[in-house]
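> Here is my input, please return the structure:
(chains A and B)
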Amino acid sequence: MDNLGIIFKRELFSYFATPLAYIFIVIFLIMNGIFTFELGGFYLRGQADLLPFFGFHPWLYLFMVPAIAMTLWADERKTGTIELLLTLPIRLRDAVLAKFLAAWVLIGIALMLTFPIWVTVNYLGDPDNGVILAAYLGSWFMAGGFLAIGSCMSASTKNSVISFILTVSICFLFVVMGSPILLESFPGWMPQFLVDALSAMGFLTHFNSISKGVLDIRDVLFFGVFIAAWLLASAVVIEIKKAN
Amino acid sequence: MIEIRNLTKKFGRFTAVDNLSFTVTEGEVLGFLGPNGAGKSTTMKVITGFLSASGGTVIVDGHDISKNPIEVKSLIGYLPEGAPCYGDMTTLAFLKFIARIRGYRGEEIVERVQHVVNEVELHSVCQQTIETLSKGFRRRVGLAQAIMHDPKVLILDEPTDGLDPNQKHHVRELIKNLARDKIVIISTHILEEVTAVCSRAIIIAEGRIVADGTPAELESRSKYHHAVTVRLTDEYDLAADLSGLAAVSAVEKDGSEELSYTILAAGNTSIFAQVSEIAQSKNWPITEFHVSRGRLEDVFRSVTQAQGGE
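This is a model prediction of the structure:
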């Protein structure tokens, strides 16, 4: 547990030691602004909620999160520091978890810095702040899901660009899996339980209800298990690939 | 003590380390020699717990690396090949990170970091980020992190690679000072380093041990052991004078130096006295005369190439 904290701090500080964290946060905020106010029609809707804000998050994360995740392990392998890290007296699971948490907290910070939107909506109307809080949490958990995929993809290659492309592709699959676009395109012969199972794995299925303020424990659990599974896969991939 | 028994490491069908067995005890500085790709680095990676073995066991101070990796890793200080460090950190921040991971807390962190900074002379670059450092400094940062916790076992993969002669000398002195109650394993291509710092040398080729002994023992396996090298002022037919001497096997002309000849001994006996006697009686035109202990390079080539030819 101690080691986890030490590695976590090192990782988080290293984001802020380079311009990476700042660039990420600034772009995240700008994109959020564009999506919410321009495309989402925040004012035109005339409703005191943040649905247009959260509604775009899956698509925003689709590119922003892999950008953070791509270096997670790929850089360690490229520079050889993975050999240094994994010969220190630490457990692999601590390293995997610490790196994941550091990146997740960075995304959390970026998410928190969108608070002016929350202030605005409270100034203009009388929104249900419980719903908004639930949606923030749900959004952060969904980002964690993207990030965990990214962690695994980053572990599988030394090249961070390949890691980025792989992560985006797989994340895209999980985003659209629960969307009507994909559900309709499934061939008719596919058994219903398979269609149901696939759509249950989709991010949108879970995120839509959360963003409307329904913080169902099953949705949170879904992202929790999803993250755990991909992190476990990351550890396995690191174990297999570290020799190359 | 490190015990390595029947260690094998395979990558797919390629066998990098093949049934390697040896033990190293406290106070020994073991030089690990071998051509590129012989399995030196792989062996080190298995001992340090970075890679897991395909077969055999590594026991460090009573702990099996495959069963108690954390205990073994806390006993070992390791400088991986190329001395990788986190480039975006400053030297000081990096060393503090290592100190924390190695279990130091509070004031101890500052003390330990100060100690290793003194030991490898890093004062001038403490506040610089590691990616801006020269190769020599980076290597020293790597050494500093390896000796942070005063480890019982120090494993250094090519510690002096890329250093200038002064830095090399300094690192060797450091290793000698550290070695007293420790186990040190260093891998190197530089043979003079073995004579300079190692108390024992193992030469491996294709994952197998082909020679194991003190540097002096290995040198004595060279055909130049007891050989006498003379340098003349004028051409002179040495072979004619020496033909009656059974202890002399041959006279070689040195390739690089003119008028320089090496007289090889036939058996494992000194020919110095006999040759110098003849030289005096026949009045050889000599300017230099010295006896060779043997050439490690020559032993290295003969044992590793014999292996390769199989």
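> got the contact list for the residue in chain A positioned nearest to chain B?
In chain A, no residue comes nearer to chain B than A:G80, which is 3.5 Å away by Cβ to the nearest Cβ. Quick note: C-beta positions are derived from backbone N, CA and C, even for glycine. By Cβ atoms under 8 Å, 6 or more residues apart in numbering or on different chains, the residues touching A:G80 are B:P80, B:E81, B:G82, B:P84.
> the helices in the stretch 101-250 of chain B, which residues?
Ranges of helices within the stretch 101-250 of chain B are B:107-120, B:135-146, B:165-178, B:191-197, B:215-220, B:238-242, based on DSSP state H, counting those that start in this stretch.
> Export those as TSV, with columns for mean pLDDT and mean neighbour count.
Formatted as TSV, those follow (pLDDT from 0 to 100; neighbours: other Cβ atoms under 10 Å in any protein chain shown):
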stretch	mean pLDDT	mean neighbour count
helix B:107-120	92	16
helix B:135-146	91	23
helix B:165-178	85	16
helix B:191-197	84	19
helix B:215-220	80	19
helix B:238-242	77	16
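> Now render the ones you listed as TSV, adding distance to B:P159.
Output for the helices of the stretch 101-250 of chain B, formatted as TSV (distance: least, Cβ to Cβ, whole Å):
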stretch	distance to B:P159
helix B:107-120	11
helix B:135-146	7
helix B:165-178	6
helix B:191-197	9
helix B:215-220	17
helix B:238-242	42
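> For chain A, find the nearest of the ones you listed.
It's helix B:135-146; of the helices of the stretch 101-250 of chain B, that one is closest to chain A (Cβ to the nearest Cβ) at 7.4 Å.
> So which elements touch that closest one?
The contact analysis (3 or more Cβ pairs under 8 Å, 6 or more residues apart in numbering or on different chains; DSSP states H and E) places helix B:135-146 against strand B:76-79, helix B:91-101, helix B:107-120, strand B:153-157, helix B:165-178.
> So for residue 170, what's the nearest residue that isn't a sequence neighbour?
Looking at chain A here, since you left the chain open. A:I149 (5.3 Å; Cβ to Cβ, 6 or more residues apart in numbering or on different chains).
> You answered for a different chain; I wanted chain B.
B:E121 (7.6 Å).
> quick one: contacts for the residue of chain B found nearest chain A?
Proximity of chain B to chain A (Cβ to the nearest Cβ) peaks at B:P84, 3.5 Å away. Residues in contact with B:P84 (Cβ under 8 Å, 6+ apart) are A:T79, A:G80, A:T81, A:E83, A:L84, B:G142.
> A:Q192 now?
Residues near A:Q192 by Cβ under 8 Å, 6+ apart: none.
> I'd like the distance between it and A:I23.
Distance from A:Q192 to A:I23, counting by Cβ to Cβ, to the nearest Å: 46 Å.
> Same question for A:G80.
Distance from A:G80 to A:I23, by Cβ to Cβ: 26 Å.
> which residue is nearest the middle of chain A?
A:A143 (1.9 Å; Cα atoms, centre = their mean).
> surely B:G27 meets B:D181?
Yes - with contacts counted by Cβ atoms under 8 Å, B:G27 reaches B:D181, the gap being 6.6 Å.
> Any idea how many residues pack against A:A200?
Burial measure for A:A200: 13 neighbouring residues, criterion other Cβ atoms under 10 Å in any protein chain shown.
> Can you tell me the SS state at it?
Assigned with DSSP: H, G, I helix; E, B strand; the rest coil, A:A200 falls in the helix class.
> Ranking helices and strands of the chain by mean pLDDT, which lands last?
All of this is about chain A. When the helices and strands of chain A are compared on mean pLDDT, DSSP states H and E, helix A:180-185 comes out lowest with a mean of 69.
> switch to chain B, that's the one I care about
Result, chain B / mean pLDDT, DSSP H and E: helix B:296-309, a mean of 71.
> Close to chain A: what parts of chain B are there?
Chain B comes close to chain A at residues B:11, B:45, B:48-51, B:70-71, B:73-74, B:76, B:78, B:80-82, B:84-89, B:93, B:97-98, B:100-103, B:129, B:145, as judged by Cβ under 8 Å from any Cβ of the partner chain.
> ChimeraX command to pick out the buried ones of those?
One line in ChimeraX is enough to select the buried ones among those; burial here means 16 or more other Cβ atoms under 10 Å in any protein chain shown:
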select /B:45,48,49,50,51,73,74,76,78,80,81,82,84,85,86,87,88,89,93,97,98,100,101,102,129,145
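> Point out where chain A drops to low pLDDT.
A:1, A:40-48, A:181-183, A:186-188, A:244 (pLDDT under 70).
> Show me where it has its helices.
A:2-17, A:20-33, A:51-55, A:57-69, A:71-79, A:81-86, A:92-112, A:115-124, A:129-155, A:160-176, A:180-185, A:192-201, A:203-211, A:217-241 (DSSP state H).
> Backbone torsions only: list them for the residue nearest to B:H170.
With angles defined as degrees, to the nearest 10, B:E121 shows backbone torsions of phi 60, psi 70.
> got it, and B:A227?
phi -70, psi 150.
> Show me which residues of chain A sit near chain B.
A:3, A:6-7, A:10, A:13-14, A:17-18, A:79-81, A:83-84, A:86-91, A:242-243.
> Mind doing that once more with 6 Å?
By Cβ under 6 Å from any Cβ of the partner chain, the residues of chain A that approach chain B are A:6, A:10, A:14, A:17-18, A:79-81, A:83-84, A:86-89, A:243.
> Of the residues you listed - the most surrounded one?
A:T87 (25 neighbours).
> That one contacts B:I47, correct?
No - A:T87 lies out of contact with B:I47 (Cβ atoms under 6 Å); the separation is 9.7 Å.
> still on that earlier bit, make CSV from the contacts of B:P84 and add distance to B:V125 to it.
What follows is the contacts of B:P84, written out as CSV (distance: Cβ to Cβ, whole Å):
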residue, distance to B:V125
A:T79, 19
A:G80, 20
A:T81, 18
A:E83, 22
A:L84, 18
B:G142, 13
